[in-house]
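A.B. asks: What follows is a predicted structure for the sequence shown.
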Amino acid sequence: MPLDTPKDPAIAAKADLDPQNFALANCIRALTIDAVNAANSGHPGAPMGMADAATVLFRNHLKFDAANPDWPDRDRFVLSNGHASMLLYSLLHLTGYQDMTLDQIRNFRQWGAITAGHPEYGHAKGVETTTGPLGQGLATAVGMALAERALAGEFGDDLVDHRTWVMLGDGCLQEGIGQEAISLAGHLGLGKLIVLYDDNSITIDGPTSVSFSEDIPARFKACGWHVQSCDGHDGRALDAAMEAAKAETGKPSLIAMKTIIGFGSPNRAGSYSVHGSPLGKDEGALTREALGWRHDAFVIPDDLAAEWREIGARGAADREAWEARLAASAKGAALTQRLSGDLPEGYDAAVSAARDALFAAPKKAATRKASQMALEALTPAVPAMIGGSADLTGSNLTRVKAVDTQFTREVPGRYIGYGVREFGMAAAMNGLNLHGGVIAYGGTFLVFSDYARNAIRLSALMGVGTIYVMTHDSIGLGEDGPTHQPVEHLASLRAIPGLTVLRPADTVETLEAWDIAIRNRTVPSLLALSRQDVPQLRMEAGPENLTAKGAYVIRQFGEGRDVTLIATGTEVAIAVEAAETLAAEGMAVAVVSMPSWELFEAQDADYRAQVLGTAPRIAVEAAGKFGWTRYVATEDDVIGMTGFGASAPIDRLYQEFGITPEAIIARARLVTGH
């Protein structure tokens with residue numbers, strides 16, 4: 001039997017279904033085996049099983065141009081089961097993405113290589129989002145499909161007309177976020193979202209029967225999806241299923257592909273042992289023989305390599321036609337500006353006008369209300385902004401006049417009702433922002449940031465400027481009690497590298513916080529906003545965004561300093577009240593508003609020293625004390641929470657938990673000896 005004919009009869013039967021597709025898919029399998037073996041680390045099973053479907057997708061259906069990876073109207077491809085990263089890296093290399101060289105494949109999972117263990121956004125062209133935490137790729141893809149629908153509604157489908165394709169496995173469907181994404185996509189009828197489900201019946205713990213027995217196609221049908229099933233190793237059946245999915249425009253589509261994990265491996269195919277371990281030299285050789293692959297490690301025969309390069313170049317004609325339509329369209333310049341990520345010309349004027357209005361007529365308001373005021377002022381100037389809430393619009397106050405049209409299956413409005421799906425919302429917003437052309441923000445309660453945390457973490461890891469509006473930020477929300485009163489959340493969010501946490505003190509700081517969030521497209525921002533009213537503390541008009549400094553002296557009483565009071569959010573007003581009493585007693589007191597630790601740490605050492613001073617310091621925040629000892633001497637110098645909250649009116653809670661001017665005054669007297 002010739003070496004280029006599969007030795008295993010069962011494999012040969014699959015190869016005969018579409019011989020050319022099988023030969024091209026073997027290029028993916030071979031590179032996967034070689035790269036994982038070289039690294040002695042990785043997940044060969046899924047790429048080997050999904051190779052046939054991925055080949056059909058890239059060969060016949062995916063709209064892309066490998067020479068222009070960021071072409072705006074390309075189809076998006078998301079590998080939600082990111083442990084199968086060698087599938088994606090092989091595809092990018094084979095189709096001719098310039099940065100995905102053979103050396104990168106050889107250095108899979110090694111220091112400095114763009115071929116990380118899981119695909120990471122920004123490392124390699126063609127990686128549309130970071131995946132690995134299962135389910136998030138699917139939910140992020142929902143956001144990409146939302147962005148495509150929104151932009152097509154605004155600019156027309158002659159300029160915006162592309163699909164979002166997702167590959168995923170059982171793990172993505174077991175994670176709760178997977179169901180959040182499926183439900184939302186079905187409800188909104190995202191017909192250009194197509195999911196290829198690698199149904200291989202295996203997870204790390206063994207067969208899926210250990211923990212998973214539901215009817216997946218029925219679940220998708222119940223959520224309003226178009227559903228098909230086929231043999232995941234039959235190239236022609238896969239091609240027909242993808243064609244049918246593309247024709248279904250009113251519903252998102254699922255193609256359930258029955259596959260064999262580790263397809264081709266004589267001793268490990270169909271077993272959990274091939275999921276996350278290299279095949280090794282001996283099994284790798286046996287697999288090559290079983291597949292009929294007679295080439296050395298990392299070698300792709302010239303004829304197959306040429307065909308893969310042709311696949312990668314095929315989209316150039318579509319791209320060039322789109323560029324011509326863009327140049328000829330009356331909306332072309334506006335779409336180009338939107339896709340650039342630059343803010344419109346009128347934005348700076350809108351910020352200035354909003355600032356002037358606050359200084360001209362100071363407002364006492366909850367910072368969640370101040371946030372709504374800021375949005376009312378800024379969103380008309382930034383049509384890219386798309387808002388939403390996880391079923392808490394009336395509490396988060398994220399809906400304003402300019403962002404008032406509801407996003408439905410019929411009309412792609414600027415406001416998305418995400419339902420009670422905090423995690424799904426956060427991941428979808430990442431997808432909206434990754435897609436480009438939109439700036440997504442969405443709201444929930446700060447305590448529910450726990451549900452969204454892993455998507456917030458990915459925002460920071462990817463460097464994507466998603467804006468999280470988190471209201472009801474402390475025990476100040478009152479009677480709802482400790483289940484809804486965030487205590488540890490500010491500290492845990494501040495611990496995420498690359499996330500800007502902003503807890504503004506009044507209307508002015510809230511406007512400035514929004515300005516920071518809107519301008520920064522490469523750093524996610526989280527606004528922690530109050531339910532209760534606070535006075536406007538900033539009264540002196542001026543153009544400088546002091547919130548951008550992270551901390552600044554908001555009040556100075558007397559000459560020099562005997563004590564410095566550092567506070568955030570609603571507690572700044574309490575600190576000012578305490579400072580007034582201390583000043584009347586003859587103390588020199590500086591009150592520092594610190595809306596953002598991260599922005600303050602980014603300032604130079606001289607500025608930080610000037611703000612903090614050398615006098616004893618006291619920190620005030622209606623949250624856990626953890627972390628504040630970076631700014632004060634001991635935890636006793638923090639006026640904050642040591643446990644959970646309670647159900648009671650706001651004033652009683654602050655009194656009972658000792659977050660009062662009297663507590664600050666007593667501590668100040670103690671640390672200063674006054």
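C.D. replies: Sure, I can see it. Numbering: from 1, shown residues only.
A.B. asks: Surely residue 313 is in contact with residue 64?
C.D. replies: No - using C-beta atoms under 8 Å, residue 313 makes no contact with residue 64, being 10.1 Å away. C-beta: built from backbone N, CA, C; applies to glycine.
A.B. asks: Residue 411 and residue 403, how far apart?
C.D. replies: Computed as C-beta to C-beta, to the nearest Å, the residue 411 to residue 403 distance reads 14 Å.
A.B. asks: ok, the two, which is more surrounded?
C.D. replies: residue 403 (22 against 10; other C-beta atoms under 10 Å).
A.B. asks: wait, the more buried one sits on residue 378?
C.D. replies: No - using C-beta under 8 Å, residue 403 makes no contact with residue 378, being 10.2 Å away.
A.B. asks: Please enumerate the strands of the stretch 1-150 of the chain.
C.D. replies: 76-79 (DSSP state E, counting those that start in this stretch).
A.B. asks: follow-up on the earlier one: now do the shared contacts for residue 403 and residue 378.
C.D. replies: residue 385 (C-beta atoms under 8 Å, 6 or more residues apart in numbering).
A.B. asks: what packs against the helix or strand hosting residue 527?
C.D. replies: Counting by DSSP states H and E, the element that carries residue 527 is strand 525-528. Packing partners of strand 525-528 (3 or more C-beta pairs under 8 Å, 6 or more residues apart in numbering; DSSP states H and E): strand 467-471, strand 500-502, helix 507-519.
A.B. asks: can you redo these as a markdown table with distance to residue 568, mean pLDDT and mean neighbour count?
C.D. replies: Shown next, in a markdown table, are the helices and strands packed on strand 525-528 (distance: least, C-beta to C-beta, whole Å; pLDDT from 0 to 100; neighbours: other C-beta atoms under 10 Å):
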| stretch | distance to residue 568 | mean pLDDT | mean neighbour count |
| --- | --- | --- | --- |
| strand 467-471 | 14 | 98 | 27 |
| strand 500-502 | 9 | 99 | 27 |
| helix 507-519 | 10 | 98 | 25 |
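A.B. asks: any idea whether residue 464 is helix, strand or coil?
C.D. replies: Classification of residue 464 using DSSP: H, G, I helix; E, B strand; the rest coil returns coil.
A.B. asks: The stretch 551-674 of the chain: helices as residue ranges?
C.D. replies: Using DSSP state H, counting those that start in this stretch, the helices of the stretch 551-674 of the chain run over 571-584, 597-601, 605-612, 650-656, 661-672.
A.B. asks: next one: the stretch 1-150 of the chain
C.D. replies: So, for the stretch 1-150 of the chain - with DSSP H, counting those that start in this stretch - the helices run 9-17, 19-39, 45-56, 85-95, 102-106, 136-155.
A.B. asks: Quick one: these as CSV, columns for mean pLDDT, mean neighbour count and distance to residue 292 too.
C.D. replies: Shown next, in CSV, are the helices of the stretch 1-150 of the chain (pLDDT from 0 to 100; neighbours: other C-beta atoms under 10 Å; distance: least, C-beta to C-beta, whole Å):
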stretch, mean pLDDT, mean neighbour count, distance to residue 292
helix 9-17, 94, 15, 8
helix 19-39, 98, 23, 8
helix 45-56, 98, 30, 14
helix 85-95, 99, 28, 18
helix 102-106, 98, 16, 22
helix 136-155, 98, 27, 32
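A.B. asks: and residue 437, which of those helices is closest to it?
C.D. replies: Across the helices of the stretch 1-150 of the chain, residue 437 has its closest neighbour in helix 136-155 (5.1 Å, C-beta to C-beta).
A.B. asks: Could you check the angle the helix or strand following the closest one makes with helix 45-56?
C.D. replies: Where DSSP H and E defines the elements, the next helix or strand beyond helix 136-155 is strand 164-168. Strand 164-168 runs at 150 degrees relative to helix 45-56, counting by axes from the mean of the first three to the mean of the last three C-alpha atoms, to 10 degrees.
A.B. asks: now strand 164-168 and helix 136-155, what's the angle there?
C.D. replies: Using the same axes, to 10 degrees: strand 164-168 against helix 136-155 is 170 degrees.
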